[in-house]
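Trainee: Pasting the sequence and the predicted coordinates here, then a few questions.
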Amino acid sequence: MSAKVNDDLLTERRKCEFNVEELTNYLDGGAQATQNRRKLEDKVLSTKGLFDEVPEEYLSHKEKYENAVRKAVVYYKAMKEAEDPNQTEQERANATYRSLLHAAVFKDNSPFSLHLAMFIPAILGQADEEQKKYWMKRASKMEIIGTYAQTELGHGTFIRGLETTATYDPKTEEFVLHSPTLTAYKWWPGSLAHTANYCVVMAHLYINGKSCGIQPFIVQFRDEETHQPLPGIKLGEIGAKLGFNTVNNGFLGFDQHRIPRNRMLMKNAQVLKDGTFKRSPNSKLTYGTMVYVRVVIVNGMANQLARAVTIAVRYSAVRRQSELKPDAGEPQILDYVTQQHKLFIGIASSHAFTLTAKWLTRMYQKVTADLEKGNLDELPELHAIACCLKAVTTTDTSVLVERSRTSCGGHGYMLSSNLPQIYGLVTAACTYEGENTVLMLQTARSLVKALEQAQSGKRLSPTMSYLSEKVSSRLKWDNSIDGIVKGFRRVAYGKVESAMRSMRKYVRSGLGPEDAWNMSSVQLVAASEYTSISEADIRQLQDTYEDLLGKIRPNAVGLVDAFDFRDQILNSTLGAYDGRVYERLMEEALKSPLNAEPVNQSFHKYLKPFMQGKL
Ligand SMILES: CCCCC/C=C\C/C=C\C/C=C\C=C\C(=O)SCCNC(=O)CCNC(=O)[C@H](O)C(C)(C)COP(=O)(O)OP(=O)(O)OC[C@H]1O[C@@H](n2cnc3c(N)ncnc32)[C@H](O)[C@@H]1OP(=O)(O)O
Ligand SMILES: Cc1cc2nc3c(=O)[nH]c(=O)nc-3n(C[C@H](O)[C@H](O)[C@H](O)COP(=O)(O)OP(=O)(O)OC[C@H]3O[C@@H](n4cnc5c(N)ncnc54)[C@H](O)[C@@H]3O)c2cc1C
């Protein structure tokens, strides 16, 4: 018999003024896509061995990892078996695009995540046809498990500063991989420590003593039978982190480790047998995997934010606290306008990020198709936009997930709420795949160039065209969408122009261009933030805004129900569909090993002798 649904949630669902299923279908891309996603989730989540008897927060660091590997094997097989052979690739992609299925199994991400999120994309984007055919066959069947090893102990942002060397030996037609210093050790790659046995290594290629830039190499580092590290390979785990503690992030050092010539991924640049180096049409094509993952991250943020606000809004409909009016009883905390202010922006931002992710994915697919035809014209714009949207969506999601957590009071601080873990996942994305400040400065680099082109009368790309519209500074704000967008354009234009003026002032004062850039970099980052709409400006339309909050209030639970996250995916005592918050908090608390006995052994060992002055 299903548990009784909380009365307040029942009332909320009766009050909802729109068809929740219709919004779910819209978010999925149609009723059939919703059906496919639900069918996939039903199949996979009915698999035995996917869930933890003991909540993983009560396991040791080592047990957490071993348990995650156990589940990863079960989960991966279940996903493969659940694939509907009659579905097209696109239907399969749509079914997983919005699903956070893995989140039902891994609260802190999977030890296989890098294999799927970066190792396979790196092969697809960097290998030539022959290499792709061979390695994709092995990687897609999980005969090998890979990761992406670019970051080093000493360098993450500055790729051109990476110290790992790959020196070509024409006599043996091999590359010699070497970590000349401790700071050259690869450091951070997920799955690297104990899970993967191959990786794509980004290393500085040298031929006859000449630098040929950073190139990608596919490197085996563990024996496929014994899993022992190969000769010349030093491996280990980097230690406990804020989150990602089941991703097995590791370090790897090379000591004159030799690999055959065909292990350099040669789609863009090639090394012939005699050591002739054939340059890539654009050295930045080597950075292509990162552009792809930045695009994926935007969609990931939309889904994770939707999950967090679902938990917080449902909890806010159930939680009653304080007194809004004398003798009127304790109101739902969702009736406090401050609570609406904290949470409704999260619902809206998740939808905005979903639409943005769809737009960016289409742009990525078009530019990638053009690259295949040798047309690199739109690569710089894709890079600039992907940098900006990855940085803005991860920053805003981190802020809004943390706000969802704090809006749930003490219960939001419980690991059983799952809000701390969701925060740990999303805040990592502010750093990985390009630290956000660095990426915003990449976008600023494009904005400055675009404004200079606009000022010399050149046509700009669609996303930069606002820099060529001479928007009058006397523009009057109005509350229409068009008025708001015009206001944003005016502010965005002004921010770029002001940063440019600042740089020119520094150059006139005698600074070189690099120092002028650095001195203006705070303004440059701010200018990039306005490339995509940010929340700060909406505040200026406060009266419209508070009116909107009131309009959303009766539909808030319906709006989060429409995200259609099942309880296993929310994995939260506060966010379950039935709203039985207090029963769930107690059920989870009783799973703590400390509750197995009324008196813990530490009383007899330490407390009692201490309190009796015997210690
Ligand atoms: C909660 C879950 C959400 C979903 C998660 C989904 C997936 C998660 C998967 C993985 C997460 C876990 C693992 C994470 C992995 C990693 O972190 S991998 C390592 C990532 N590292 C980086 O991103 C490094 C960042 N640094 C850089 O990209 C470069 O160093 C930087 C661009 C900052 C500078 O490069 P540099 O060579 O110095 O270039 P310049 O600044 O001098 O610029 C030269 C020109 O090149 C253009 N350019 C630069 N990068 C690109 C590019 N990628 N594509 C195209 N063009 C590029 C740049 O615009 C300059 O052009 P102009 O000279 O201005 O014309
Ligand atoms: C959870 C997690 C998973 C990861 N997984 C992987 C992985 O699988 N594979 C992999 O290769 N890497 C991985 N990374 C590493 C990640 O890519 C790097 O941490 C990231 O690129 C930032 O580099 P860094 O850590 O060296 O920081 P740094 O580059 O040292 O940045 C430190 C500070 O310096 C500032 N700074 C640096 N350069 C500039 C500049 N030019 N202008 C202004 N400010 C600057 C930054 O803004 C930042 O505030 C992972 C990281 C995390 C946190």
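Mentor: Looks like it came in fine. Numbers count the residues shown, from 1 in each chain. Ligands and ions are numbered 1, 2, ... in the order given.

Trainee: Setting the sequence-adjacent residues aside, check what's closest to N571.
Mentor: Spatial nearest neighbour of N571, chain neighbours left out: N418 (4.8 Å); criterion: Cβ to Cβ, 6 or more residues apart in numbering. (Glycine included, C-beta is placed from N, CA and C.)

Trainee: what about that neighbour, neighbour count?
Mentor: Here the count is done by other Cβ atoms under 10 Å, and N418 has 23 residues near it.

Trainee: Same question for C408.
Mentor: A total of 25 residues lie near C408 under the criterion other Cβ under 10 Å.

Trainee: my read: it touches S417, true?
Mentor: Yes - between C408 and S417 there is a contact under Cβ atoms under 8 Å: 6.3 Å.

Trainee: Common neighbours of those two, please.
Mentor: Shared contacts of C408 and S417, defined by Cβ atoms under 8 Å, 6 or more residues apart in numbering, comprise 311, 315, 574.

Trainee: Are we agreed that the last one is in a helix?
Mentor: No - under DSSP: H, G, I helix; E, B strand; the rest coil, L574 falls outside any helix and is assigned coil.

Trainee: Surely it is in contact with G410?
Mentor: No - contact criterion Cβ under 8 Å: L574 and G410 do not qualify, at 11.0 Å.

Trainee: ok, those two, which is more surrounded?
Mentor: L574 (28 against 7).

Trainee: What strand or helix carries the nearest residue to that one once chain neighbours are set aside?
Mentor: Nearest non-adjacent residue to L574, counting by Cβ to Cβ, 6+ apart: Y315, 4.0 Å away. For Y315, the host element (DSSP states H and E) is helix 288-318.

Trainee: anything in that helix near ligand 1?
Mentor: Yes - for helix 288-318, a contact with ligand 1 is found by Cβ under 6 Å from any ligand atom, at 290-291, 293, 296-297, 300, 304.

Trainee: quick one: the helices in the stretch 351-500 of the chain?
Mentor: In the stretch 351-500 of the chain, the helices defined using DSSP state H, counting those that start in this stretch lie at 379-406, 419-428, 436-455, 481-508.

Trainee: Mind giving me the packing neighbours of the helix or strand containing W135?
Mentor: W135 belongs to helix 129-140 when elements are defined using DSSP H and E. Secondary structure elements in contact with helix 129-140, counted by 3 or more Cβ pairs under 8 Å, 6 or more residues apart in numbering; DSSP states H and E, are helix 120-126.

Trainee: Quick one: mean pLDDT over the helix it packs on.
Mentor: Mean pLDDT, helix 120-126: 96.

Trainee: ok, and the closest non-adjacent residue to the closest residue to ligand 1 within the chain?
Mentor: Closest contact between the chain and ligand 1, by Cβ to the nearest ligand atom, is at G300 (2.4 Å). Take G300 and drop its neighbours on the chain: the residue closest to it by Cβ to Cβ, 6+ apart is A429, 7.3 Å away.

Trainee: Likewise for T394?
Mentor: Once flanking residues are discounted, T394 sits nearest to A429: 4.2 Å by Cβ to Cβ, 6+ apart.

Trainee: Can you get me a residue count around the one you found?
Mentor: The tally of other residues near A429 (other Cβ under 10 Å) stands at 24.

Trainee: rewinding a little: if we only consider the shared contacts of C408 and S417, which is nearest to V401?
Mentor: Of all the shared contacts of C408 and S417, V401 sits closest to I311, with 9.7 Å by Cβ to Cβ.

Trainee: Please tell me how far the nearest residue in space to the closest one that is not next to it in sequence sits from I484.
Mentor: Distance criterion Cβ to Cβ, 6+ apart; nearest residue to I311, sequence neighbours excluded, is G575 at 3.1 Å. G575 is 32 Å from I484, where distance means Cβ to Cβ, to the nearest Å.

Trainee: Next: E546.
Mentor: Distance from E546 to I484, by Cβ to Cβ: 16 Å.
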